[in-house]
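Engineer: Model the structure of this input:
(one chain, ligands or ions: 3)
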Amino acid sequence: MARPAAITAFPKKGHNHKACGAHAMAEAEAICRNRGARLTDLRKRVLETVWHSHGPMGAYDILARINAGGERNAPMAVYRALDFLMEQGLVHRLTSLNAFVGCRHPGHQHSGQFLICNACNDVAELDSDAVGKTVTKAASARGFTPISTVVEVMGLCPNCRGS
Ligand SMILES: [Zn+2]
Ligand SMILES: [Zn+2]
Ligand SMILES: [Zn+2]
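Structural biologist: Ligands and ions are numbered 1, 2, ... in the order given. Take a look at the predicted model:
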């Protein structure tokens, strides 16, 4: 499955975001099917909601959107769905914002390197082996054994820089 360009880089304004969402859902279904993991209706809808945009979304915003049609899902149900999606590597949690984004490169193990735009909130993933290795090496040099190396970089995306 070829990923739409808007998924892996910073999305152009006005791109066809339906294609991003549809692609993310198809990829998630294929990954879960291969692993025998159950993408239940609620899990699916939580993932769809996270993919509503390229920006991070807090758990309560996710809950509010899912319940907007009159349903009464409890916060815990949404948290459990998010836990599942994180375990499957379909969603990442941005600790600095306490919010969630859909993974741009699901299906292989990575701890997450995020570029977060301060102006529009869009997020892209670096997914650079070199960055991970550099952090691990520098940590090891200090006698530290890293378990995960999540990198969150704040700044301005190409759209907001106006170039
Ligand atoms: Zn998009
Ligand atoms: Zn990812
Ligand atoms: Zn931006």
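
Engineer: and the chain, which residues reach ligand 3?
Structural biologist: Within reach of ligand 3 by CB under 5 Å from the ion, the chain has these residues: 117, 119-120, 157, 159-160. No exception for glycine: its C-beta is placed from N, CA and C like everyone else's.

Engineer: tally of neighbours for Arg38?
Structural biologist: 9 (other CB atoms under 10 Å).

Engineer: Please shift the residue numbers so they start at 14 in all later answers.
Structural biologist: Let's use 14 as the start, then, which means that last one is Arg51.

Engineer: Quick check: it touching Glu42?
Structural biologist: No. Arg51 sits out of contact with Glu42 when judged by CB atoms under 8 Å, with a separation of 11.0 Å.

Engineer: Contacts only, for the residue in the chain positioned nearest to ligand 2.
Structural biologist: Using CB to the ion, the single residue of the chain nearest to ligand 2 is Cys116, 3.3 Å away. Listed by CB atoms under 8 Å, 6 or more residues apart in numbering, the contact set of Cys116 reads 102-105, 125, 138.

Engineer: Could you tell me which of the residues you listed belong to strands?
Structural biologist: Using DSSP state E, the subset of those located in strands is 104-105, 138.

Engineer: Among the residues you listed, find me the one that's closest to ligand 1.
Structural biologist: So of those, ranked by how close each gets to ligand 1 (CB to the ion), first place is Glu138, at 13.4 Å.

Engineer: ok, and the closest non-adjacent residue to Val144?
Structural biologist: Excluding the flanking residues, the one nearest Val144 by CB to CB, 6 or more residues apart in numbering is Gln126, at 5.6 Å.
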